[in-house]
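Asker: have a look; sequence and predicted model below, questions after that.
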Amino acid sequence: MKKIIPALLCFFLIISCGKNSNAIVDESAVTVSGDTIVVPASSIIYPKITTQTVRKHNYVRTINTTGVVSANPTAYAEVASPFSGRVVNSRVHVGQAVSVGTPLFEVSSAGYSEVVKDFLEEKTALEVEKKAYERAKDLFANNIVSEREMDEARSAYVSALGEYNLAESTLKAYQTNLTSVEVGQPLVVRSPIAGKVISSNIVLGEYLREEDEAQVIVADLNKVWVKVNVTEKDIPYLQDVEMVEIRLVSQPDTVHYGSIHYVGGILDEETRTVQSIIECNNAGGKMLPNMYANVLLKAKSQECIIIPKNAVLQGEGYRFVFRKMADGTFIKTIVEVQSVDEQSLIVLSGLNEGDEIIVNGVVYLINYGR
């Protein structure tokens, strides 16, 4: 039994060596001179190396993200009563098309009446001071009053004009008809934009306060925005995007098209994304505010060199490939690459079309390339 054990040990050692023979690197057969490596055909590494000639391919870079539909802020208005008061009339209904200045509802308000009263008083005062100034000018021209008296009349007129302009601008802000305004008239709240009434909470007889939320929402949804967040690594490619496809979560089979309207200037520190705005035509009205969407941004097609990921090795602060110079002779070549997918990389610099590189077996030379 003692004689059998050494024999078995020898047998297992032979088997073990045979199994690991492929892992043995015949370093003496490989020569290195700077960045050049020579692998002779007699080396056990040589049969494990496969090369490939790099070619350019048509490539369309895409960015996948999600977004939320929103109204364009310049075509969206939440309209509330600027004064406390009681609703005495409702002039519109949900879905109604309105233009700038269309009456929405009316409010009987003591605060508004005070503004109207101030305006009418300033208007009367202006008329009085204007007549006094005109009279003073005539009297001065006929040497009846002094220049000082005329200047005093002019100053009074200018002061009255300033007070009137202030009162007038206040009423104009409420789109009040200045030619027919009277104390006691209800405030007519008008639409500041053209669009459709998409929400109305007007209740006749309800008392509204200045701090209450909007009673009517008007929006033009023929064009809408889709707000998306783009990751930091994809920001440089936004300038090349020429097509944007939008699929609403509620309508995944329908494609809406848009264009980049704005790229945000601030990166979110937590998410490492920047918000961008896509503008879309929405003449059919299918895209409603707050809807979720899947967004695909497509850059313009370009000719690129694309290589397998397993052809690229990582150095200290750089990446490199082994480029074939002659049969069995390779040179370490630094490349700049970007990811295409899990298997491929785009070469931004370092290689030209027609170069031949190692694509399989490069790991056997990794220790020579560092």
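Answerer: Yep, that arrived. Numbers count the residues shown, from 1 in each chain.
Asker: which one's the longest strand in this structure?
Answerer: Using DSSP state E, we find that the single longest strand of the chain is strand 251-263.
Asker: buried ones in that one?
Answerer: Residues His256, Gly258, Ile260 are the ones in strand 251-263 that count as buried (16 or more other CB atoms under 10 Å). All C-beta atoms are positioned from the backbone trio N, CA, C, and that covers glycine.
Asker: now, among those residues, which is nearest to Met287?
Answerer: His256 (6.4 Å; CB to CB).
Asker: just read off the phi/psi values of the closest residue to that closest one other than its chain neighbours.
Answerer: Nearest non-adjacent residue to His256, counting by CB to CB, 6 or more residues apart in numbering: Ile246, 4.3 Å away. Here is the backbone geometry of Ile246 (degrees, to the nearest 10): phi -120, psi 130.
Asker: list the contacts for Ile246?
Answerer: Residues near Ile246 by CB atoms under 8 Å, 6 or more residues apart in numbering: 67, 226, 255-258, 278, 280, 287, 293-296.
Asker: of those, just say which sits nearest to Ser33.
Answerer: Leu296 (49.2 Å).
Asker: how is the protein partitioned into domains?
Answerer: 22-58+303-369, 63-73+221-301, 76-219 (automatic domain parsing).
Asker: mean pLDDT lowest where, among the ones you listed?
Answerer: The stretch with the lowest mean pLDDT among the domains of the chain is domain 22-58+303-369, at a mean of 87.
Asker: how far off centre is that domain?
Answerer: Here the centre of domain 22-58+303-369 is set off from its chain's centre by 40 Å, with CA atoms, centre = their mean, to the nearest Å.
Asker: Ile334 contacts Gly317, doesn't it?
Answerer: No: between Ile334 and Gly317 there is no contact under CB atoms under 8 Å: 10.1 Å.
Asker: please name the residues that touch Glu163.
Answerer: Counting by CB under 8 Å, 6+ apart, Glu163 makes contact with Glu122, Ala125, Leu126.
Asker: how about the residue nearest to the spatial centre of the chain, phi and psi?
Answerer: The chain has Ser276 as the residue nearest its centroid, 0.6 Å off, counting by CA atoms, centre = their mean. When read as degrees, to the nearest 10, the backbone of Ser276 gives phi -130, psi 160.
Asker: out of Ile334 and Gly317, which sits in the busier spot?
Answerer: Ile334 (12 against 5; other CB atoms under 10 Å).
Asker: which helix or strand contains the more buried one?
Answerer: Element membership for Ile334 (DSSP states H and E) is strand 329-339.
Asker: Ala125 too?
Answerer: For Ala125, the host element (DSSP H and E) is helix 110-141.
Asker: list the buried residues of that helix.
Answerer: 112-113, 115-116, 118-120, 122-123, 125-126, 129-130, 132-133, 136, 140.
Asker: and the following helix or strand past it with helix 110-141, angle?
Answerer: Per DSSP H and E, the first helix or strand lying C-terminal to helix 110-141 is helix 147-173. If you take axes from the mean of the first three to the mean of the last three CA atoms, to 10 degrees, helix 147-173 sits at 150 degrees to helix 110-141.
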